[in-house]
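**Q** structure, please.
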Amino acid sequence: MRIAVYLPLLLSLIAPLAARPLSERCEPRLATWLLTGSALVLGAASTVSLGLLAATGLIRIPQLAALGHWSATSAQRDDPAELSVALIAGLLVGGAVLAAARMLWRRARTLAAAALDAACMPTRDGTVIVDDEAPDAYALPGLPGLPGRIVVSTGMLHTLDETEHGILLAHERAHLTGHHYAFVALAQLGASANPLLRPFATAVAYTIERWADENAARATGDRSRVARTVGKAALAAHRAPALTRAAGAALGILGRHGPLASAGPVPRRVAALLAPPLDRRPVLAAATTAVLTATLLATAEAAHDLHRLLETVGAR
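**A** Model prediction:
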């Protein structure tokens with residue numbers, strides 16, 4: 001293993017710089033897919049690369065080399081990676097696996113709790129009205145057989161007029177039908193394995209809100225009205241404490257609990273709604289796909305290099 005094993009690590013350092021531009025210049029639905037895929041692919045590839053580097057250190061330990069019938073002396077001579085690099089990679093990959101496992105466990109527990117809460121809530125057309133003067137609204141995702149719910153406080157309903165009620169419900173309904181909690185959770189999974197990828201998770205939390213905003217704009221046909229509703233609801237929610245502790249965790253927005261205002265940079269969302277809808281930008285999509293393809297090919301090449309190394313040191 002020479003260059004290929006380090007390429008995913010290098011791309012994990014550089015690629016996150018494109019997260020915010022991609023989230024602001026590409027159509028939100030496509031941007032969400034691209035950003036989530038980038039976080040997952042780069043997170044997995046960088047973890048595998050670290051594991052491959054760590055493996056080169058393990059086969060230099062005589063006791064472990066004997067188990068695989070490898071020559072520790074030949075491995076030390078033929079492998080270009082320094083032992084110190086292999087040891088550091090081993091520590092990093094161990095931390096990455098533990099962090100990813102911890103994140104998966106917490107997310108699964110949160111999602112299951114949210115689904116059970118949603119199933120137990122009495123609804124009116126899938127919407128739960130909670131008698132609370134604190135303005136808040138959020139979506140509780142469900143599971144197969146357990147439908148999701150939209151929860152709105154009376155305080156939020158009093159803040160908005162009838163037309164804005166429809167916009168709010170269209171926004172929250174888009175979160176449920178688009179399974180936005182899954183995109184955020186997957187992006188956070190990649191970022192938990194590789195903290196350098198956190199900009200992707202942050203960008204996904206923004207693009208799912210933009211995705212829901214655009215769905216509401218298409219449903220109502222009035223982008224400026226949706227922009228005013230987003231700003232109005234966010235301002236009202238910002239002035240009051242959160243209604244519940246389930247909202248942020250259920251949707252997975254930045255791993256926090258909080259009101260609508262915490263879902264993303266509201267001024268950027270309002271400005272985007274006041275501008276014409278974004279295009280899909282096929283050049284950006286093609287460039288992102290090319291980077292991810294190169295990452296996968298480099299990881300496969302590095303794994304093949306390790307396989308050849310093991311064959312070489314095992315033949316001596």
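**Q** residues in contact with Pro277?
**A** Going by Cβ atoms under 8 Å, 6 or more residues apart in numbering, Pro277 touches Glu27, Glu214, Ala217, Arg223. Placement of C-beta: from N, CA and C, glycine included.
**Q** let's have these in a markdown table, adding pLDDT, distance to Gly37 and secondary structure.
**A** Listed next are the contacts of Pro277 as a markdown table, based on pLDDT from 0 to 100; distance: Cβ to Cβ, whole Å; DSSP: H, G, I helix; E, B strand; the rest coil:
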| residue | pLDDT | distance to Gly37 | secondary structure |
| --- | --- | --- | --- |
| Glu27 | 95 | 15 | coil |
| Glu214 | 95 | 20 | helix |
| Ala217 | 95 | 25 | helix |
| Arg223 | 95 | 28 | helix |
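**Q** out of the residues you listed, which end up buried?
**A** Among the contacts of Pro277, those classed as buried by 16 or more other Cβ atoms under 10 Å are Glu27, Glu214, Ala217, Arg223.
**Q** returning to what we had before: right, and the pair among the contacts of Pro277 with maximum separation?
**A** Farthest-apart pair in those is Glu27 and Arg223; separation 14.3 Å (Cβ to Cβ).
**Q** one step back: can you lay out the contacts of Pro277 as JSON lines showing distance to Leu146?
**A** Output for these, formatted as JSON lines (distance: Cβ to Cβ, whole Å):
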{"residue": "Glu27", "distance to Leu146": "31"}
{"residue": "Glu214", "distance to Leu146": "27"}
{"residue": "Ala217", "distance to Leu146": "29"}
{"residue": "Arg223", "distance to Leu146": "34"}
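**Q** so which of those residues is the closest to Asn194?
**A** Nearest member of those to Asn194, counting by Cβ to Cβ, is Glu27, at 26.4 Å.
**Q** residues touching the closest one, list them.
**A** Contacts of Glu27 (Cβ under 8 Å, 6+ apart): Glu214, Pro277, Leu278, Asp279, Arg280, Arg281.
**Q** next one: phi and psi at the last one?
**A** Going back to what we said before, that points to Arg281. phi 50, psi 70 (degrees, to the nearest 10).
**Q** around it, count how many other residues there are.
**A** Residue neighbour count, defined by other Cβ atoms under 10 Å, stands at 17 for Arg281.
**Q** can you tell me the closest non-neighbouring residue to it?
**A** Leaving aside its sequence neighbours, Arg281 sits nearest to Cys26 (Cβ to Cβ, 6 or more residues apart in numbering; 4.7 Å).
**Q** closest to Leu189 out of the buried ones among the contacts of Pro277?
**A** Closest to Leu189, out of all of the buried ones among the contacts of Pro277 and judged by Cβ to Cβ, is Glu27, at 23.9 Å.
**Q** ranges for the helices of the stretch 101-250 of the chain?
**A** Taking DSSP state H, counting those that start in this stretch as the criterion, the stretch 101-250 of the chain carries its helices at 154-159, 162-177, 180-193, 198-220, 223-238, 247-251.
**Q** Arg268: which of those is closest?
**A** Nearest to Arg268 among those is helix 198-220; the distance by Cβ to Cβ comes to 7.2 Å.
**Q** which helices and strands sit right next to the closest one?
**A** Judged by 3 or more Cβ pairs under 8 Å, 6 or more residues apart in numbering; DSSP states H and E, the packing partners of helix 198-220 are helix 19-25, helix 28-58, helix 162-177, helix 180-193, helix 223-238, helix 266-274.
**Q** of those, give the one that comes closest to Glu209.
**A** Closest approach to Glu209 among those is made by helix 266-274 (6.0 Å; Cβ to Cβ).
**Q** which stretches of the chain have low pLDDT?
**A** Scanning the chain for pLDDT under 70 picks out the ranges 1, 58-81, 83, 144, 239-264, 309-316.
**Q** spit out the contact partners of the residue sitting nearest the centre point of the chain.
**A** What sits nearest the mean C-alpha location of the chain, by Cα atoms, centre = their mean, is Ala187, with 1.5 Å. By Cβ under 8 Å, 6+ apart, Ala187 lies in contact with Leu35, Thr36, Ala39, Leu40, Phe200, Ala201, Val204, Ala205.
**Q** what does Leu35 give?
**A** By Cβ under 8 Å, 6+ apart, the contact set of Leu35 is Ala19, Leu22, Ser23, Ala187, Phe200, Ala203, Val204, Thr207.
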